[in-house]
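Undergrad: This is a predicted model, with the sequence first.
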Amino acid sequence: MAKIIEIYLRDLRRISTNWAAAVIILGLVCLPSLYAWFNIEASWDPYGSTSGIQIAVTNLDEGAELQKQPVNMGNEIIESLKSNSSIGWIFTSHESARKGLRHGDYYATLEIPKDFSTKIVSVLTPNPIKAEIVYEVNEKINAVAPKITSKGASSIIEEVNRNFVKTANGTIFRIFNQIGIELKRELPVIEKMKRLVYKLESMFPEIYNATDTALADLQETQKLVSKVQKQIPTVVDLAQKGSTFSTRLSQFLGQVKVNLEDAAPSIKLTLTELRQVVTSAQQIAESIPTLKPDDPLLKQKLDALNHGLITGVNVTKQVSSFISKLNEIAPSQVLSKLVDNLNNISAQFTTLQQQLVKIEHAASSGNEALASLLADFSTLATQAGNKLDEILAEYDSRIVPKIKSAINQATQAAETSRRLLESALADIPKVEHLLSDATKGLELGTSEAKKLRVQLPEAQSKIKRISDQMRAFEKEGSLSDLIELLSINYQKESDFFAEPVALIEHKLFPIPNYGSAMSPFFTTLSFWVGGLLLVSLLTVEVHEHDVNYRSYQIYLGRFLTFGTLALLQSLLVTTGDLYILGTYAVSPIWFILFGMGISLVFMLMIYTLVSVFGNVGKAMAIVLLVLQLAGSGGTFPIQVTPPFFQAIYPFLPFTYGISLLREAVGGIVSDLIVRDVLMLTLFTAVALVVGIALKKSINHLSKPLVAKARRSKIIH
């Protein structure tokens, strides 16, 4: 490693101490920059300066007449070209145009024939003829200019076609528009009549059905009215009886109200006695355990308790039945809760009676379940007592007022029913009169319905014939669609058909000018050219006879010198691109760094070829340059090149160097950068392997050949 550094430092010292060598080295560093800068500047915006490309235009059109109006389409084309600055249009005579084209003064000529307008207006004749514009180009002058002039000529034809279509369509659509306006004015009436006819046609099955149904309903209604008339006497009788019943019911309820005043204390007393029965039952149940099974007093108490419970059941049912009847005639049934409570108490008394039978059997037999039965009996008695206490507590304050309210409501309802029935009896004569009129109307309606039913088939036939004629008319499209099509804005439609499709362009990685877009190619090319210049003027060998260097030490040590100069070349080229020419780059720093890396890889490849193969290596580097100019896709897309160049494209270092710089100029895509760096690293590895492994052996084999070539005094 020390000897490699020694070679490198000695080279630097010799350059710095020899001003002539330093000047040459400086020139070698600067030359690639000039190569790149001049090429980029020359191609900065070639398609934005096409106004200098001159095309001679000759108008021989004699004009024509369209609907008795003079038309000269040639003059219109000339006027449109005068406002078109994309090409250098020169308006001259036929002879001058021909002479200028032959001598290279004009790149192309356009000639509008004398029958141009005549052929244009022939579109309105039975035999239309396409008009022609004669375009002639001198392809000898320049390879690219014919493409530009051809594009200019094509744009003229497109403009003429567009203007003609726009004018012709405008006239046609204007006539259609007038027709559409007239139809649109009458459209509501037309549409209404059409809908009515179609609807009437579709409704005939329903009309038949409705007519039959109406006729049947009229006949049934006649029968119903007849029955109602017959039932009027019965209705009158029922109303009279209902009125009498309502009167008697009111009287009965009034008497009930009076009787309730007397019965209320008795009911309360009965409820109090029932509460005493429950209390007595609890006391007897508590004393049973103290008596022996054969004690006569036990049977006596059980019989008394059984009698009291039976009485309680009967009395509770009677009171519940009385209150239930009052609740039924009360409109709001305000006594429902009291009825439920009394029914529950009656059920509890019945259960206590059943439980008492079990207690009596257990007490007489000395059964151990007696205590449990007594406990259940006491619980039931307590529940019944609580219910009775609840009723007694609310009896005077809530229950009795509710009973009176129920009677009052029932009395009011009965009185209302009586008034309604008396009013109905008074309206019976009116009802009889209405039924008589209805009978007459139904007879007339039935007669007319029968006549309509007979005439329906003829009407259906006429409507169907009209509908079929309308459908035949609309088979090619609806009237509304036709009117809508005819009523559209004829100017907008004319513009649309003149240019029906508009191109919307989006640039993914926009680059502002052609020079910036070409900078990756010319910059990459300058790196290779710079490497060639270095190996052409600087030696790759170390001529030190007093020091014994190994082959790889010479190879690596001298490469450090070449690599340093290559880095200086790339730094000057890339910074000059950005800050002298002003080329565009999304990532200027990466543009510089990528350039230095690419230059270093190219220098290593060229240096390796020359270091290993000598002058043959220089020729190999030049061959590689030639192949890469066409095969790297730097100018034209690789897809448009011959198959040979498409085949070698993936194996050329230019391919990945240009791609890497394009990422810095247009926009970074990390996957592409990784691919390019890996491929350039692979080229570097191959060059190092070839240089280190083969330099000594190949140099030794070629040494006699080189010596013989030098003795020719022609090859150094």
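TA: Now that the structure is in, tell me what you want to look at.

Undergrad: any chance you could map the strands in the stretch 51-200 of the chain?
TA: Assigned by DSSP state E, counting those that start in this stretch, the stretch 51-200 of the chain shows strands spanning 54-59, 64-66, 69-71, 88-91, 108-112, 134-137.

Undergrad: so which of those strands gets nearest Glu663?
TA: strand 88-91 (37.8 Å; C-beta to C-beta). For the C-beta atoms, the positions are set from N, CA and C on the backbone; glycine is no exception.

Undergrad: If you count neighbours, what's buried in the closest one?
TA: 89-90 (16 or more other C-beta atoms under 10 Å).

Undergrad: in its sheet, what does it sit against?
TA: strand 54-59 (parallel) (DSSP bridges).

Undergrad: ok and the strand it pairs with relative to strand 108-112, angle-wise?
TA: 10 degrees (axes from the mean of the first three to the mean of the last three C-alpha atoms, to 10 degrees).

Undergrad: Convert the C-alpha atoms of strand 54-59 to CSV, please.
TA: Presented in CSV, the C-alpha positions along strand 54-59 are these (Å, rounded to 0.1, in the frame of the first residue of the first chain):
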residue,chain,number,x,y,z
GLN,A,54,-38.2,29.2,-44.1
ILE,A,55,-41.0,27.7,-46.1
ALA,A,56,-42.1,29.4,-49.3
VAL,A,57,-45.9,29.7,-49.7
THR,A,58,-47.6,30.3,-53.1
ASN,A,59,-51.3,31.0,-53.4
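
Undergrad: what does the average pLDDT come to for that strand?
TA: Mean pLDDT, computed over strand 54-59, is 86.

Undergrad: which other residues reach it?
TA: Residues from elsewhere that reach strand 54-59, judged by C-beta atoms under 8 Å, 6 or more residues apart in numbering: 74-75, 77-78, 81, 87-94, 96-97, 100-101, 105-112, 149, 152-153.

Undergrad: In PyMOL, select just the buried ones from those.
TA: Command for PyMOL, covering only those of those found buried under the criterion 16+ other C-beta under 10 Å:
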select buried, resi 74+77+78+81+87+89+90+92+97+100+101+106+107+108+109+110+111+112+149+152+153
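
Undergrad: In terms of secondary structure, what does whichever strand or helix holds Ser570 contact?
TA: Here Ser570 sits within helix 551-576, counting by DSSP states H and E. Contact here means 3 or more C-beta pairs under 8 Å, 6 or more residues apart in numbering; DSSP states H and E; on that basis helix 551-576 packs against helix 2-17, helix 19-42, helix 514-537, helix 588-613, helix 670-710.

Undergrad: could I get those helices as CSV with mean pLDDT, distance to Ala426 and mean neighbour count?
TA: Formatted as CSV, these follow (pLDDT from 0 to 100; distance: least, C-beta to C-beta, whole Å; neighbours: other C-beta atoms under 10 Å):
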stretch, mean pLDDT, distance to Ala426, mean neighbour count
helix 2-17, 80, 137, 14
helix 19-42, 84, 117, 17
helix 514-537, 89, 108, 23
helix 588-613, 93, 110, 23
helix 670-710, 81, 103, 14
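
Undergrad: Make TSV from those and add distance to Glu443 to it.
TA: Converted to TSV, the helices and strands packed on helix 551-576 look like this (distance: least, C-beta to C-beta, whole Å):
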stretch	distance to Glu443
helix 2-17	132
helix 19-42	110
helix 514-537	100
helix 588-613	105
helix 670-710	97
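
Undergrad: out of these, which comes closest to Leu392?
TA: So among those, helix 670-710 is nearest, using C-beta to C-beta, at 96.3 Å.

Undergrad: which residues touch stretch 513-524?
TA: By C-beta under 8 Å, 6+ apart, the list of residues contacting stretch 513-524 from outside reads 35-36, 39-41, 43-48, 511, 573-574, 577, 581, 583-585, 595, 598, 632, 634-635, 654, 657-659, 661-662, 665.

Undergrad: repeat for stretch 679-690
TA: Contacts to stretch 679-690, defined as C-beta under 8 Å, 6+ apart, come from residues 597-598, 601, 604-605, 608, 612, 653, 655-657, 660.

Undergrad: hmm, try it at 7 Å
TA: Here stretch 679-690 makes contact (C-beta atoms under 7 Å, 6 or more residues apart in numbering) with 597-598, 601, 604-605, 608, 612, 653, 656-657.

Undergrad: Lowest-scoring secondary structure element of this structure by mean pLDDT?
TA: Within the chain, no helix or strand scores below helix 490-498, which has a mean of 57 by mean pLDDT, DSSP states H and E.

Undergrad: Which among the contacts of stretch 513-524 count as buried?
TA: By 16+ other C-beta under 10 Å, the contacts of stretch 513-524 give 35-36, 39-40, 43-44, 511, 573-574, 577, 581, 583-585, 595, 598, 632, 634, 654, 657-659, 661-662, 665 as buried.

Undergrad: picking up where we left off before, can you add distance to Ala216 and give the strands of the stretch 51-200 of the chain back as TSV?
TA: TSV is the format used below for the strands of the stretch 51-200 of the chain (distance: least, C-beta to C-beta, whole Å):
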stretch	distance to Ala216
strand 54-59	89
strand 64-66	74
strand 69-71	75
strand 88-91	91
strand 108-112	86
strand 134-137	88
